[in-house]
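Student: here is a sequence together with a model predicted from it:
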Amino acid sequence: MMKENQGTNIGIKELPKKFKGKGEVKGYSFTQIDNQDGVYIYRVEDDESNNDHYEVFNRKLMHPHPRMNPQPEWDKYVQYPASGAFGISAWTCRTYEDALVRYYPMREKRRKKALS
């Protein structure tokens, strides 16, 4: 059964504030710490050791696969970066303070880009 609003601009599915890792990140818990100007900070905790680190990354919008069944109620979604993005558009930091050192310049760069 198709929804009436299918194919219309319904919005963006944001990243969850908290989630458990699957696949290659199984065994980790993710908690969004901040999200401004298209830049995110997540605290990543190892479920076994309780050790944590932080991941800082730019917002990346994706379109759902056209064969997705049933079709989602959103036109785009924010994608958490895959392992290949780290060191390019995403960064792993040992401490929150280190994450902020990455976070603020990334926000400023996106703000300037949005204004140009």
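Tutor: Happy to help now that I have it. Residues are numbered from 1 along each chain as shown.

Student: residues contacting the residue most central in space within the chain?
Tutor: Centrality entry for the chain: nearest residue to the mean C-alpha point is Y80, 3.5 Å, by CA atoms, centre = their mean. Going by CB atoms under 8 Å, 6 or more residues apart in numbering, Y80 touches 15, 30, 42, 57. C-beta coordinates here come from the backbone N, C-alpha and C atoms, glycine included.

Student: does it count as helix, strand or coil?
Tutor: Secondary structure state of Y80, per DSSP: H, G, I helix; E, B strand; the rest coil, is coil.

Student: S83 touches E24, doesn't it?
Tutor: Yes: with contacts counted by CB atoms under 8 Å, S83 reaches E24, the gap being 6.5 Å.

Student: enumerate every residue touching K60.
Tutor: K60 touches 78-79, 81, 85, 89, counting by CB under 8 Å, 6+ apart.

Student: circling back: of the contacts of Y80 - the most surrounded one?
Tutor: For the contacts of Y80, counting by other CB atoms under 10 Å, the largest number of neighbours falls to Y42: 26 neighbours.

Student: which other helices and strands contact the strand or helix carrying that one?
Tutor: Under the criterion of DSSP states H and E, Y42 resides in strand 39-46. Helices and strands touching strand 39-46, by 3 or more CB pairs under 8 Å, 6 or more residues apart in numbering; DSSP states H and E, are strand 28-36, strand 52-58, helix 96-115.
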